[in-house]
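Novice: Provided below for reference: sequence and predicted model.
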Amino acid sequence: MDHDLVEMDGDLTDEEQARVEKFSDEELRRIDEALLSNCGYEYRKVARVVGTTMMERDESYKGIPDIFYSQRVTKLVESGRLEHQGRLGYMRFCEVRLPQENASLEFFPDGEDIPQKS
């Protein structure tokens, strides 16, 4: 498929932008943590991560569009908290996952059961 023929996710309207600019740093942190909690160590479509996160949010986040959540995913990729493949800004054509360097810590948090090479 030629991605140049597919529209990008788009921008927030002025009204939507004004609403999300009112989010506190703590609210943005909670949104980011919710997005990260819907990611794993295998790649998942950004659209799936965003959709699942939106369904889990409480009433105070109703009316916040998927584009905003997709923009937050991009910020998480840029900060190194997520890895991606595909084109950011195209939810249906991009996948994200948690950084692989953290995978063993997730499964072996205390380090005691990490398999050793013989």
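Specialist: Perfect, thanks for sending it. Predicted model, so just to flag it, every value in this text is computed and none were measured. Residues are numbered from 1 along each chain as shown.
Novice: any weak-confidence spans in this protein?
Specialist: By pLDDT under 70, the weakly predicted segments of the chain are 1-6, 102-118.
Novice: Let me see the ranges of the strands in it.
Specialist: In chain order, the chain shows strands spanning 44-45, 83-86, 94-97, with DSSP state E as the criterion.
Novice: ok, residues contacting the second one?
Specialist: The one in question is strand 83-86. Contact with strand 83-86 is made by 43, 46, 77, 93-100, as judged by C-beta atoms under 8 Å, 6 or more residues apart in numbering. For glycine as for every other residue, the C-beta is placed from the backbone atoms N, C-alpha and C.
Novice: can we see that at 10 Å?
Specialist: 3, 39, 41, 43, 45-46, 73-74, 76-78, 92-101 (C-beta atoms under 10 Å, 6 or more residues apart in numbering).
Novice: Now go through those and say which are in helices.
Specialist: Using DSSP state H, the members of the contacts of strand 83-86 that fall within helices are 46, 73-74, 76-78.
Novice: give me every residue that touches the spatially closest residue to Arg57 that is not a sequence neighbour.
Specialist: Computed as C-beta to C-beta, 6 or more residues apart in numbering, the closest residue to Arg57 that is not its neighbour in sequence is Ala34, at 7.0 Å. With contacts defined as C-beta under 10 Å, 6+ apart, Ala34 is in contact with 49, 52-54, 56-57, 61, 69, 72.
Novice: One more pass at 7 Å, please.
Specialist: Contacts for Ala34 (C-beta atoms under 7 Å, 6 or more residues apart in numbering) come out as 53, 56-57.
Novice: How much space separates it from Thr13?
Specialist: As defined by C-beta to C-beta, to the nearest Å, Ala34 lies at a distance of 23 Å from Thr13.
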